[in-house]
Each structure stands twice: as structure tokens, then as C-alpha cells.
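A.B. asks: predicted model follows, preceded by the sequence.
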Amino acid sequence: MTRILLSLLLSAVILFIPTISMQNGIVAEDGFKLVIAYSNNVEGYLEPCG
Amino acid sequence: MDTGEMLGGLYKKTTYLEQYRKKQGNIIVVDSGDLLNEYIEIKESIQSSARLKADLIAQIYQSIGIDAINVGELDLALGLYYLKLLEKTYDIPFVSANLVDETNTPIFKPYIIKEINGRKIGIFGLMGDSSDMVAKLKEVSGGKISVTELIPSAESMVNELKGKVDIIIAMTHNQMGQNWVVARKIPGIDLIVGGHHKQKIKTPYKADNTYIVQSGEKGQYQGMLELTFAPDGTRSAENELVPLGPAIPDDPRVKAMIDQYNNKVTSLYALARQEDVEVSLNARACETCHSEEFSIWQASDHARAFETLVKISRQFNPDCLTCHTTRFEQEGGFTMELQQPELINVQCDSCHGNSARHLKDGEPMPEQKLDMASCVKCHTPDRCPDFEKNYQEEWQKIKH
């Protein structure tokens, strides 16, 4: 009986692991998207010349 | 990716980001530095317009909802006091984890945390610690600003943010190679947005678990990165460098702000200019011995470069005068203070160097290696998109 319970518990843990992930220490249970708008070296360029 | 069109303009960036937000919702907006100025040294005579421009950019960035700006060395060209003034006036989120003052105290906030759709994003800024960069910072601040070591600073930021946020973004300001080193040595950074080095990266680099992106220069392309974190812990990235060209309408409010700035610059410098002075071009002095070369030059667009500015009312704008006058703000060249009529246009000295001693004492002209590299100082891809491709053809127009 104990062996069956342990086996069921282990299966549950194995099944559960892929559904969670760690992102910098915080558990993320579902995926997400993030959009980053970025630029660099604009160098005071307000508009094209002419 | 190159479109062959003149790209950029903060009014197009504004339109694009506004439209994107309306369609797609919240986004993070960052800039990795060297935002405000093009040169590390800004001559006293053009500081007024440079301040006006920096002020305008700060206003525009505030209005587009900038989340974080890394401080580049060119952002300090007008002095730390002025940058701090802009930060305070417009609540601009400048960040830098490793720029410190004489007492080793951080000068800017090291990072910000932004919450978006229930996720927390930590964004920090990093300045490169190469000897070249350290020297530039020393020069620009009179030794008052220094930079702490890159890797320990990055590590300290990741340790500080780990556990507090879901995603860590580092905005860096250094050579591309250093980004790879940071990414590989400091696990935990999800994304590096590079700056200083001007490379355009279409497909994001991936250094272990860290993506690295960069959008080029002069605001010609808007970098847009979509990071997807799947439930199984895997991540993927889709990147687009959106050309800010004619297909994107100008934002009328920002366009008006820039027009107003141009008018202010004109009124700042127009008084110094003596419109009625008879123009005796400096190149005339060269003509005496180099008549054939002079004739070729006279027939070229170089001899009419200033006129093109007059047509669009930019003849008082220091940003434009660099390439439309002779040796702008250099020894023996056109200055904003004097606005010498004889030094308008791209004359002989622009490419061949200061001819003063040659003309006075017959000394040889300064040795100049003239090739495409000399031309692209002004014929940059943002101003002349096809110049390098058509170099041979272009050269024939002025060959002498």
C-alpha cells in the first residue's frame, strides 16, 4: 500500500514539474509575453537633414 | 533592412509607439544611452542650441512614456549638472549602476522596477569600463565622474534584483564583445539592450540564456523585441527593427515642437550673421595655383552646400553646419560666433585640411588620406543612404 502511494505521489510530482518554471526566483505558472521597444545612440538626432 | 530612404525623426518614433500601444497594449520603452548629443566636446559657441535640443529630447521622451534611459558618455557632454536638471525637470528615469562620483557614491538610480501585466521587470544601466571610456568620462567631467568595474557591478545588480522581479534587463554602454562577457559571466540577465557600439542586430544574439539586441544609430530604426516565456521555462524572442520612414506619419505635436526648436535656434544665431558682406570664398586662394581643381569643385554640389540649408531655413543650425561649411568649429574654420561668409560651403580645406600655413609660407598641406572613409564623415548612411553603394559614381562628380 505504502509503495503504491509513494509511486502515485512521485508520478504527480513528475507531472507537475514541467508546468511550473522559475524566472529569477519567482514561480511563473503560466507563460507570458513582454514587448520591449528599444533604441540606442540617437545622438541628438531630431529628424533627418532636409 | 536598408531601405534607401532617409530614416528617423522623433515624430515618427512617437507615432509608431502610440499606434503600437493602442493595438497591442503595454510595452516597456528603453534607451541605452548617447541619447542627447553627438559629440563629447561641445564648443561654448554652440552650447545654447545643444541645451535647447537636449531639453526638447527630454520632453519628447517623457511624452512617449520612456521607462528607463542608460546614461552614455555623450549624455554628459553638457555637464552632469545639466543632465541632473533634465532628470528633475522632466522626471526622466536615467539609470546607471556604475557611474559614481568622487566619493564613490552612485550618481543615478542604479535600476528601476516596472510592473506590467502583473509581472515585475527590473531594468538597470551599465557603463563600459574600458580605458577609453574611463578616459572619456574623466575628460567630460573634469575627473569628477568615474566608473566602477563592469562585471562586479552587473553581478551586484542581478543579486539585488533576483527574487524581486520576474525579468531582468540590462542596458549596457560599451563594445559588443563586453555584452557577451557580461551575459556569460553573470547568469540571470534575460536581455541586454546594447548601446555605444552602433551595430544593428536583426536576429537577437543569444549568449546562454541572455538575448542581446541593438538598434543601430540616430533613431533610424525602432527596435521591437517580443520575449515569450513559455510555461515550461523555455523562452523565445522575435525581433524587428522597424524603419522609421515615410510609411509612418509624423506626430503633429512633436513635429511642431521640433519646428519651434528650429526657429529658436535661428533666432539664437541669426543676429551674428552678416548677410550683406560680400562673399569671397576661401577656395579662391587655392584657385591661383590649382585652377583646374577649383573649376571642378566650383561645378560640384560641395560649392552649393550652404545654399541647400538656406532653402530649408537651417543655415543657423549647428547640427547641419558641420557638413555644410568649411571646418566647422575647427582651427581656421567656420565658427558659430563669427559665421564667416568666406567659409560657407564645403571648400578645399574641408577635405584637404587647414591651408593657412600652406597659403602663408608655402608649407606642404597637412597630409590627408582621402578615401571613402573621409567622405562618409558627412555622407553618413542616415543622410545619404546609398552613398557607399554608389561611391565610385559619386567620386567621379568631384574627381580632381
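C.D. replies: Cool, the structure landed. Numbers count the residues shown, from 1 in each chain, chains lettered A, B, ... in the order given.
A.B. asks: with adjacent residues omitted, what lies nearest to B:D34?
C.D. replies: Of all residues not flanking B:D34 in the chain, B:G72 sits nearest, at 3.6 Å (C-beta to C-beta, 6 or more residues apart in numbering or on different chains). For the C-beta atoms, the positions are set from N, CA and C on the backbone; glycine is no exception.
A.B. asks: state the distance from the one you found to B:G362.
C.D. replies: To B:G362, B:G72 is 45 Å away according to C-beta to C-beta, to the nearest Å.
A.B. asks: low-confidence stretches in the stretch 201-350 of chain B?
C.D. replies: Scanning the stretch 201-350 of chain B for pLDDT under 70 picks out the ranges B:271-281.
A.B. asks: what does it put close to chain A?
C.D. replies: Residues of the stretch 201-350 of chain B lying close to chain A (C-beta under 8 Å from any C-beta of the partner chain) are B:213-219, B:222-233, B:258, B:261, B:308, B:312, B:314, B:319-320.
A.B. asks: give me the phi and psi for B:L126.
C.D. replies: Main-chain torsions, B:L126, degrees, to the nearest 10: phi -140, psi 130.
A.B. asks: contact partners of whichever helix or strand B:I57 is part of?
C.D. replies: Using DSSP states H and E, B:I57 sits in helix B:47-63. Helix B:47-63 has contacts (C-beta atoms under 8 Å, 6 or more residues apart in numbering or on different chains) with A:42, A:44, A:46, B:10, B:14, B:31, B:35-37, B:42, B:69, B:77-78, B:82, B:86, B:89-92, B:253-254, B:257-258, B:261, B:264-265, B:268-269, B:317-319.
A.B. asks: which residue is the nearest non-sequential neighbour of B:E41?
C.D. replies: Nearest in space to B:E41, with sequence neighbours left out and distances taken as C-beta to C-beta, 6+ apart, is B:A77 at 7.1 Å.
A.B. asks: do B:A283 as well
C.D. replies: B:Q347 (4.3 Å).
A.B. asks: who's in contact with that neighbour?
C.D. replies: By C-beta under 8 Å, 6+ apart, the contact list for B:Q347 reads B:L281, B:N282, B:A283, B:W297, B:H302, B:A303, B:T326.
A.B. asks: let's see it at 10 Å
C.D. replies: B:281-286, B:294, B:297, B:302-303, B:305, B:325-327, B:333-334, B:355 (C-beta atoms under 10 Å, 6 or more residues apart in numbering or on different chains).
A.B. asks: same deal with B:T266?
C.D. replies: Contacts of B:T266 by C-beta under 10 Å, 6+ apart are B:S49, B:R273, B:S313, B:R314, B:Q315, B:F316, B:N317.
A.B. asks: convert the C-alpha atoms of the longest strand along chain A to CSV, please.
C.D. replies: Identified as the longest strand of chain A according to DSSP state E is strand A:32-39. The C-alpha coordinates for strand A:32-39 follow below in CSV (Å, rounded to 0.1, in the frame of the first residue of the first chain):
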residue,chain,number,x,y,z
PHE,A,32,3.7,35.3,-20.7
LYS,A,33,4.9,37.8,-23.3
LEU,A,34,6.8,41.0,-22.9
VAL,A,35,7.4,43.6,-25.6
ILE,A,36,10.4,45.9,-25.3
ALA,A,37,10.7,48.9,-27.5
TYR,A,38,14.4,49.9,-27.5
SER,A,39,16.8,52.4,-29.0
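A.B. asks: strands paired with it, and their directions?
C.D. replies: strand B:28-31 (parallel), strand B:221-229 (antiparallel) (DSSP bridges).
A.B. asks: now the angle from it to helix B:47-63?
C.D. replies: Angle of strand A:32-39 versus helix B:47-63, following axes from the mean of the first three to the mean of the last three C-alpha atoms, to 10 degrees, is 170 degrees.
A.B. asks: follow-up on the earlier one: enumerate the positions of the helix holding B:I57 that are buried.
C.D. replies: B:47, B:49-61, B:63 (16 or more other C-beta atoms under 10 Å in any protein chain shown).
A.B. asks: now it: average pLDDT?
C.D. replies: Mean pLDDT, helix B:47-63: 97.
A.B. asks: following element in sequence after that helix, please.
C.D. replies: Using DSSP H and E, the helix or strand that follows helix B:47-63 in sequence is strand B:68-70.
A.B. asks: low-confidence regions, chain A specifically.
C.D. replies: Per-residue confidence for chain A (pLDDT under 70) gives these ranges: A:1, A:4-29, A:50.
A.B. asks: the contacts of helix B:47-63 in helices, which ones?
C.D. replies: Residues of the contacts of helix B:47-63 located in helices (DSSP state H): B:10, B:14, B:82, B:86, B:89-90, B:253-254, B:257-258, B:261, B:264-265, B:268-269, B:318-319.
A.B. asks: let's see the ChimeraX selection covering just the buried ones among those residues.
C.D. replies: Under the burial definition 16+ other C-beta under 10 Å, those of the ones in helices among the contacts of helix B:47-63 that qualify are selected in ChimeraX by:
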select /B:10,14,82,86,90,254,257,258,261,265,268,269,318,319
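A.B. asks: which residues in the stretch 101-250 of chain B form helices?
C.D. replies: B:131-141, B:150-161, B:176-185 (DSSP state H, counting those that start in this stretch).
A.B. asks: hang on, the earlier thing: let me know the closest of the buried residues of helix B:47-63 to chain A.
C.D. replies: Nearest to chain A, judged by C-beta to the nearest C-beta, of these is B:K53 at 5.5 Å.
A.B. asks: find the nearest non-adjacent residue to B:L370, please.
C.D. replies: With C-beta to C-beta, 6+ apart as the criterion, B:L370 has its nearest non-adjacent residue at 5.9 Å, and that residue is B:C351.
A.B. asks: that neighbour should be in a strand, yeah?
C.D. replies: No - per DSSP: H, G, I helix; E, B strand; the rest coil, B:C351 lies outside any strand segment and is helix.
A.B. asks: next up, the contacts around it.
C.D. replies: With contacts defined as C-beta under 10 Å, 6+ apart, the neighbours of B:C351 are B:W297, B:H302, B:T326, B:Q368, B:L370, B:S374, B:C375, B:K377, B:C378, B:I398.
A.B. asks: no further queries at this time; thank you.
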